[in-house]
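**Student:** After the sequence you'll find the predicted model.
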2 protein chains.
Amino acid sequence: MISLIIAESALERVPREILTHSSVRNHAQRARRNPGDLLLDRSYHHNAMKGLRNAEKRGRPDLVHFALLSALATPLYLQDELAVYLHTADDLAITIGRKVRLPKTYARFETLFVQLLKTKFIETDGEVLLSCSEMSFQELSRTIGSDINVGLSSSGAMNNVRVVGEELRATKNATFVIGGFPKSDFSQAVLEGIDSLYSISSMPLEAHVVIARIIYELEMLRNL
Amino acid sequence: MISLIIAESALERVPREILTHSSVRNHAQRARRNPGDLLLDRSYHHNAMKGLRNAEKRGRPDLVHFALLSALATPLYLQDELAVYLHTADDLAITIGRKVRLPKTYARFETLFVQLLKTKFIETDGEVLLSCSEMSFQELSRTIGSDINVGLSSSGAMNNVRVVGEELRATKNATFVIGGFPKSDFSQAVLEGIDSLYSISSMPLEAHVVIARIIYELEMLRNL
């Protein structure tokens, strides 16, 4: 089985210290929700985020949404040959079940993930779609039982996608790891769990582009 | 130059005949907009859409958003080697300018495209980012000056992505065409403008997945 971890994802509920900030209160009022039932989103909470620790890597649930959709729409995932995990910047691990269809409409995605972060799991018809627990990147990797973690980052060694795919295919339980944040690089804590770090382009690429390319090559290599 | 047309895209303002339907009025009130300043969206207007002609292909601006983002985030587009056009189900042609960065947040994407549909163009600093005019698929194809239109559809002849990319690369001005709608197939009017119709997977694929794969192979073929 091949696994994907979207690591240090910029997905979290609005943190307590800015719940009363005017940009959060205004957004909550417009959205008719409690401030604590919103995902932190730079697009709305930019001013409130100025004082947050590590702010430049936080508050981009839109990127995480798109990264997830680009993985879950592939034949590799739909044919049950890819396991998908979200690791968040504040060390939660979210397991995406098998053949899950996430909402493509962002507002419904937000509602679903706020519920997940509050209740820790989402099930329908007795099947767990999403579950969530406190776990560092390294703990998640151990839980998955991954033999090798291949990270993708613009700071990695230049390599082509096919060769990265071959390295993943060469190991029984391989994981590829992509940052779920807008800027900067993996934290030291994540880097310590990564065995090989590659860049697949001379230009910085968004997470969904990297995910789409790696999965495509993994599918092609399956057919060789 | 290679072009991409996302054809018959399910992107339009709420049409006049359902502006007063309760599901539209409620959504407009929550969003604090005029009903006519909303994009038709099945996720909110499902009940109102029941009587609409061709309803199953309409009201999925979320799909169009993802399809566009998956094209505009690629090196091929960012390095100005790919021209991107939206053709809509009601025969508007939208030209995406060079190196445009569309909003990743859906609400901002919606605001931008409603403005575009009303004013017919969006510019910043004197540069046109988006422009819109009434045009059928065939008129758009003639305007682009395309020598060959290669369509991608689950009803096409099975082919692999690399070979489709080679066919596109073999022609000076080639266009690949992907449906911007959730179900069903290209209309007869579009099919008449398509020279080759291929399927690249035994499973039906979402538009963003097909776009990501074709563009990746086009980039790989450039480097051979």
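**Tutor:** Nice, thanks for sending it over.
**Student:** Break chain A into its domains for me.
**Tutor:** A:1-12+A:57-224, A:16-56 (automatic domain parsing).
**Student:** For the first one, the averaged confidence score.
**Tutor:** Okay, so that is domain A:1-12+A:57-224. Regarding domain A:1-12+A:57-224, the rounded mean pLDDT is 95.
**Student:** quick one: is it near chain B?
**Tutor:** Yes - judged by CB under 8 Å from any CB of the partner chain, domain A:1-12+A:57-224 comes into contact with chain B through A:62-63, A:66, A:69-70, A:73-75, A:78-79, A:103-108, A:161, A:201-203, A:205-206, A:208-209, A:212-213, A:216. (Glycine included, C-beta is placed from N, CA and C.)
**Student:** Can I get the buried part of these as one PyMOL selection?
**Tutor:** Here is the PyMOL selection string for the buried members of the residues of domain A:1-12+A:57-224 next to chain B, based on 16 or more other CB atoms under 10 Å in any protein chain shown:
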select buried, chain A and resi 62+63+66+69+70+73+74+75+78+103+104+105+106+107+161+201+205+206+208+209+212+213+216
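**Student:** Give me the subset of the residues of domain A:1-12+A:57-224 next to chain B lying in helices.
**Tutor:** Of the positions in the residues of domain A:1-12+A:57-224 next to chain B, A:62-63, A:66, A:69-70, A:75, A:78, A:106-108, A:161, A:208-209, A:212-213, A:216 sit in helices, assigned by DSSP state H.
**Student:** Just want the residue of chain A that's nearest chain B.
**Tutor:** Going by CB to the nearest CB, chain B is nearest to A:A212 of chain A, at 3.8 Å.
**Student:** Leaving out the residues flanking it, which one is nearest to that residue?
**Tutor:** Setting aside the residues directly before and after it, A:A212 is nearest to B:A212 in space (CB to CB, 6 or more residues apart in numbering or on different chains), at 3.8 Å.
**Student:** Isn't the one you found up against A:S70?
**Tutor:** Yes - B:A212 is in contact with A:S70 according to CB atoms under 8 Å; the separation is 7.1 Å.
**Student:** Need the residues touching each of the two.
**Tutor:** Here B:A212 and A:S70 share the contacting residues A:H208, A:V209, A:A212, B:S70, scored by CB atoms under 8 Å, 6 or more residues apart in numbering or on different chains.
**Student:** what about the closest residue to the second one other than its chain neighbours, distance to A:L63?
**Tutor:** It refers to A:V209. The shortest distance from A:V209 to any residue other than its chain neighbours is 5.0 Å, reached at B:A73 (CB to CB, 6+ apart). As judged by CB to CB, to the nearest Å, B:A73 and A:L63 stand 11 Å apart.
**Student:** Could you do A:S141 as well?
**Tutor:** Taking CB to CB, one finds A:S141 at 22 Å from A:L63.
**Student:** So A:M220 is in contact with A:E166, correct?
**Tutor:** No - using CB under 8 Å, A:M220 is not in contact with A:E166; the gap is 10.4 Å.
**Student:** and the two? which has more neighbours close in?
**Tutor:** A:M220 (17 against 14; other CB atoms under 10 Å in any protein chain shown).
**Student:** Show the contacting residues for the more buried one.
**Tutor:** Here A:M220 is in contact with A:R162, A:G165 (CB under 8 Å, 6+ apart).
**Student:** Helices along chain A, start to end?
**Tutor:** Under DSSP H, chain A gives helices at A:22-31, A:42-45, A:61-72, A:75-78, A:106-119, A:137-144, A:161-169, A:188-191, A:207-222.
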